[in-house]
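Colleague: model this:
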Amino acid sequence: EEKRASSVGLKMPKNFMPYVGNWREITPETYKLFGAFLHPDKPFTGRISFPIKDLTGRIVAFNCRTQSPTDVPKYLIHPPKAVLPLYPSQVRPIKGRVILVEGIFDMLNMWQLGYHNTLCIFGASNFSRKKLEILDRIGVTRVDILMDPDAPGQMAASKIAEMLDTRNIVSRNIKLPIGTDPGE
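Modeller: Sure, this is the predicted structure:
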């Protein structure tokens, strides 16, 4: 399945049901726009799942988030070793600017608030040279880095800023108060 994801893409699982709730104050319309779904089989059981597409529109993975505060892990990526792109892949900079956030729900909240140039990197340590090249290729000249205010988020923000500097992309780190995240 991992090989299929990277070469021809994955298909939506059979018998999936579109997610129509409003969990974490995200509207059903926003969930629908990003293809959120529920499915009774593993690895999707009990999770809101999203098809993650690359620049060509192929599904390369599913990002599955538990709704329970006690389920571990909080996120599952299927297939497990899939390389996650910037998400959503169709985002274009506004006046050369994008906003980078750690998680998919941060991105969904920002999108819902009208920040349609927000990209999710899927975790504090998941920004790579390949993602940097994509930003450069789509004409990004400025990046607002909006990571979580915890130590891993702020360390990631510093590393991302250093990488952006190598391409002469101007960045600023927007620091949120401790205990909040971009999704709030």
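Colleague: quick check: residue 105 touching residue 31?
Modeller: No: with contact defined as CB atoms under 8 Å, residue 105 does not reach residue 31; the gap is 10.7 Å. Backbone N, C-alpha and C define where each C-beta goes, glycine included.
Colleague: low-confidence ranges, this protein, go.
Modeller: 1-8, 183 (pLDDT under 70).
Colleague: which SS class is residue 136?
Modeller: Under the three-state scheme (DSSP: H, G, I helix; E, B strand; the rest coil), residue 136 adopts helix.
Colleague: ok, it touching residue 167?
Modeller: Yes: Residue 136 is within contact range of residue 167, at 5.0 Å (criterion: CB under 8 Å).
Colleague: tally of neighbours for the residue lying closest to residue 73 once chain neighbours are set aside?
Modeller: Closest residue in space to residue 73, ignoring its immediate chain neighbours: residue 66 at 7.9 Å, by CB to CB, 6 or more residues apart in numbering. By the measure other CB atoms under 10 Å, the count of residues near residue 66 is 16.
Colleague: what sits opposite residue 66 in the beta ladder?
Modeller: Taking DSSP bridges as the rule, residue 66 bridges to residue 47.
Colleague: in contact with it, which residues?
Modeller: Neighbouring residues of residue 66 by CB atoms under 8 Å, 6 or more residues apart in numbering: 46, 47, 73, 74, 75.
Colleague: ditto for residue 171
Modeller: Contacts for residue 171 (CB under 8 Å, 6+ apart) come out as 142, 143, 144, 145, 160, 161, 164, 165.
Colleague: could you redo the last one with a cut-off of 6 Å?
Modeller: Applying CB atoms under 6 Å, 6 or more residues apart in numbering, one finds that residue 171 lies in contact with 143, 145, 161, 164.
Colleague: residues contacting the longest helix along the chain, please?
Modeller: Criterion DSSP state H: the longest helix present in the chain is helix 151-165. Helix 151-165 is contacted from outside by 124, 127, 132, 143, 145, 147, 171, 173, using CB under 6 Å, 6+ apart.
Colleague: could you identify the helix or strand that succeeds that helix?
Modeller: strand 170-173 (DSSP states H and E).
Colleague: that following strand pairs with which strands, parallel or anti?
Modeller: strand 142-146 (parallel).
Colleague: so how far is the partner strand off the chain centroid?
Modeller: Computed by CA atoms, centre = their mean, to the nearest Å, the chain-centroid distance of strand 142-146 equals 15 Å.
Colleague: alpha carbons of that strand, as CSV, please.
Modeller: What follows is strand 142-146 as a C-alpha-only set of coordinates in CSV (Å, rounded to 0.1, in the frame of the first residue of the first chain):
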residue,chain,number,x,y,z
ARG,A,142,7.1,35.6,3.1
VAL,A,143,6.1,33.0,5.7
ASP,A,144,4.3,33.5,9.0
ILE,A,145,5.4,30.6,11.2
LEU,A,146,2.6,29.8,13.6
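Colleague: thank you, goodbye.
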